[in-house]
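> Sequence first, then the predicted structure:
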Amino acid sequence: MQAVHMRASAPCNASGAATAKLGSRQSIRGKAFATPRNGAKTKVIRTTRAVAVKAEVVASSTADKTEVSDSTDNVLAIILGGGAGTRLYPLTKTRAKPAVPLGANYRLIDIPVSNCINSDINKIYCLTQFNSASLNRHLSQAYNSNVGTYNRQGFVEVLAAQQSPVNKDWFQGTADAVRQYLWLFSESKCDEYLILSGDHLYRMDYRPFLKKHREVGADITVSAVPMDEERAAAFGLMKIDKSGRIIDFAEKPEGNALKAMAVDTTILGLDAERAKEMPFIASMGIYVFSAKAMESLLDTHFPESHDFGGEIIPSARDMGMHVHAFLYDGYWEDIGTIKAFYDANLNCNDPDKAKFSFYDRGSPIYTQSRFLPPSKLLDADVTRSTIGDGCFIHKSTISNSMIGLRSTIQHDCVIEDTMIMGADYYEETHECESLPGCTPIGIGAGTTIRKAIIDKNARIGMDCKIINKDNVKEANHEDEGYIIKDYIIVVCKDAIIRNGTII
């Protein structure tokens, strides 16, 4: 959608008006209009619309042709950073969930931001209230200098929870987070708000999603993935009518309630064979709201409701608003737990299981430019693994592992089925040697690590065995530098594991 000026009004430049400075808050977040220098008022008629209207004057009659646009000029993306991230703890101990490292070189927030950039959406906010420092630093260094184009500039910014004279509370939920900053979003003069999650792994072009929202004239459109019966009970499901309009919601239904949520997914574009295998549709937690609908729902109709999926959207349907479904038939994974996060990362190494790739030339995943040297592997045996930038690996064996930025792995190590997040900085050998009992950052010589996640800046000594030798499912040894969840050992950020330790 694009705000357009009727040709009946005089062009600003022709009248001598000063235009807004490119890159200014005025020109980026709103539409700026200046008055002519001679003081005469020029009448400017501004119309904002969800579809592009082309007017043609033919002889004595006027014919209007209407076509639906997939323009993103008047779309504001709002990425929800989530809560405290307890299911991902201890990875979220000192960082917001969207700032958790991913895929050797990236962070979770890079996924929705990259999807926005690839969809030509360049006005992006990320809402968070927990440990936002590293997230703010990453976004400012990665995107703000190069989002958009010369004459269509944008921004990527973090909005942290704050107290104000009218609201003394922190964010109470997804909808409440948006409500508290609705005054700022309305300044953008955007017609649609694209609500995204900061902890999903997927690649999506949002333009067909937005176009469907406009085609059907919906107030809210919910992106959904097809599901088989086995997995459907773990998600919030939706039921649709023959037009694709949502008529019912159910949160994690079971038994007969689950069967009652089955729908004909061919209505949304799935082929007949796959529709039989996947007769359910689950919400992805991704929505398009018309700006007017969002404002009336949050401020007028349901000012005490805090959650989009459980309260606002079902209530909007109940009051007669048009709530539509859009089918996304691609890889999508909610990586909000340690196991889901671990599996999603290591599956990227397996050519048979990999459903997400960081190597898509047409839709790249962007991140911060760190200008690190190439990784150096000296006599190392590496199979089915991903090695990030600036690593040093010496005479070690690595299989089915994800090795993050600046990782140092000394000689005779064995790393299997492990994600090592790397380090935030290099540490010179003499820096550690000069301190009594110092363990260098990285993996010490002769260490074996199996089925683990090693957080950033961890110092693991020599001849350690991090292998869950007792096959423990859950254990909390945070005071010793590690936690076990779903049989996966998670070594905490900045932890020190002394020489010869066996876990």
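In hand now; what should we look at? Numbers count the residues shown, from 1 in each chain.
> Just the buried positions in the longest strand along the chain, please.
In the chain, with assignment by DSSP state E, the single longest strand is strand 280-290. Judged by neighbour count (16 or more other C-beta atoms under 10 Å), strand 280-290 contains these buried residues: 280, 281, 282, 283, 284, 285, 286, 287, 288, 289, 290. Where C-beta positions appear, they are placed from N, C-alpha and C, glycine not excepted.
> same deal with stretch 315-335?
316-317, 321-328, 331-335.
> Could you give the number of residues near residue 460?
Residues lying near residue 460 (other C-beta atoms under 10 Å) number 28.
> any idea of the mean pLDDT in stretch 101-111?
Mean pLDDT, computed over stretch 101-111, is 95.
> Tabulate the CA atom coordinates of it in PDB.
What follows is stretch 101-111, C-alpha atoms only, in PDB (Å, rounded to 0.1, in the frame of the first residue of the first chain):
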ATOM      1  CA  PRO A 101      23.000 -17.000  18.600                       C
ATOM      2  CA  LEU A 102      21.900 -19.200  15.600                       C
ATOM      3  CA  GLY A 103      23.600 -21.100  12.800                       C
ATOM      4  CA  ALA A 104      27.300 -20.300  13.600                       C
ATOM      5  CA  ASN A 105      27.100 -16.700  12.400                       C
ATOM      6  CA  TYR A 106      23.700 -15.400  13.200                       C
ATOM      7  CA  ARG A 107      21.200 -14.500  15.900                       C
ATOM      8  CA  LEU A 108      17.500 -15.400  16.000                       C
ATOM      9  CA  ILE A 109      16.400 -11.800  15.300                       C
ATOM     10  CA  ASP A 110      18.200 -12.000  12.000                       C
ATOM     11  CA  ILE A 111      15.400 -14.400  10.700                       C
END
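> Mind listing residues that contact that stretch?
79, 97-100, 126, 135, 138-139, 142, 198-203, 335, 345, 348, 358, 365-367, 386-389, 402-405, 421-422, 456 (C-beta atoms under 8 Å, 6 or more residues apart in numbering).
> If we use 6 Å, what do you get?
Applying C-beta atoms under 6 Å, 6 or more residues apart in numbering, the external contacts of stretch 101-111 come out as 98-100, 138, 198-199, 201, 358, 365, 367, 386, 388, 402, 404, 421.
> before we move on, back to that, pairing partners for the longest strand of the chain, with directions?
In the sheet, strand 280-290 lines up against strand 192-197 (antiparallel), strand 220-227 (antiparallel), strand 236-240 (antiparallel) (DSSP bridges).
> What's the first helix or strand after the shortest one?
Read that as strand 236-240. From strand 236-240 onward toward the C-terminus, using DSSP states H and E, the following helix or strand is strand 246-251.
> which helices and strands does that next one pack with?
strand 236-240 (3 or more C-beta pairs under 6 Å, 6 or more residues apart in numbering; DSSP states H and E).
> Please state the offset of the strand it packs on from the chain centre?
The chain centroid and the centroid of strand 236-240 are separated by 23 Å under C-alpha atoms, centre = their mean, to the nearest Å.
> Average pLDDT for that strand, rounded please.
93.
> quick one: contacts of that strand?
246-251, 261, 263, 280-283, 309, 325.
> if you set the cut-off to 7 Å instead, what comes out?
222, 224, 246-253, 261, 263, 267, 280-283, 309, 325 (C-beta atoms under 7 Å, 6 or more residues apart in numbering).
> buried subset of those?
222, 224, 246, 249-250, 253, 261, 263, 267, 280-283, 309, 325.
> Going by distance to residue 494, which of the residues you listed wins?
Closest approach to residue 494 among those (C-beta to C-beta): residue 309, at 35.4 Å.
> Distance check, that closest one against residue 220.
11 Å (C-beta to C-beta, to the nearest Å).
> and if you look at residue 179?
The value you get for residue 179 to residue 220, if C-beta to C-beta is used, is 15 Å.
> Now the helix or strand just after the longest strand of the chain - C-alpha only, CSV.
For strand 280-290, the succeeding helix or strand toward the C-terminus, using DSSP H and E, is helix 291-295. Extracted in CSV, the C-alpha atoms of helix 291-295 (Å, rounded to 0.1, in the frame of the first residue of the first chain):
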residue,chain,number,x,y,z
ALA,A,291,-4.2,-0.2,11.5
LYS,A,292,-7.8,1.0,12.2
ALA,A,293,-8.8,-2.5,13.4
MET,A,294,-5.7,-2.7,15.7
GLU,A,295,-6.4,0.6,17.3
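> Could you list every helix and strand in contact with helix 291-295?
On a contact count with 3 or more C-beta pairs under 7 Å, 6 or more residues apart in numbering; DSSP states H and E, helix 291-295 meets strand 192-197.
> I'd like the next helix or strand past the strand it packs on.
strand 200-202.
> which strands and helices sit next to the host helix or strand of residue 489?
Taking DSSP H and E as the definition, one finds residue 489 inside strand 488-491. Contact here means 3+ C-beta pairs under 7 Å, 6+ apart; on that basis strand 488-491 packs against helix 338-347, strand 448-454, strand 482-485.
> List the strands paired with that strand, with their directions.
Partners of strand 488-491 in its sheet, by DSSP bridges: strand 448-454 (parallel), strand 482-485 (antiparallel).
> okay if I get the helices and strands packed on strand 488-491 as CSV plus mean pLDDT and distance to residue 83?
Shown next, in CSV, are the helices and strands packed on strand 488-491 (pLDDT from 0 to 100; distance: least, C-beta to C-beta, whole Å):
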stretch, mean pLDDT, distance to residue 83
helix 338-347, 94, 16
strand 448-454, 98, 21
strand 482-485, 97, 18
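> Give me the pLDDT for residue 323.
Taking residue 323 on its own, its pLDDT is 96.
> That one is in contact with residue 317, isn't it?
Yes - in terms of C-beta atoms under 7 Å, residue 323 counts as a neighbour of residue 317; the distance is 4.6 Å.
> now the closest residue to residue 154 other than its chain neighbours: how far from residue 200?
Closest residue to residue 154 apart from its sequence neighbours, by C-beta to C-beta, 6 or more residues apart in numbering: residue 122 at 2.8 Å. Distance of residue 122 to residue 200, given as C-beta to C-beta: 20 Å.
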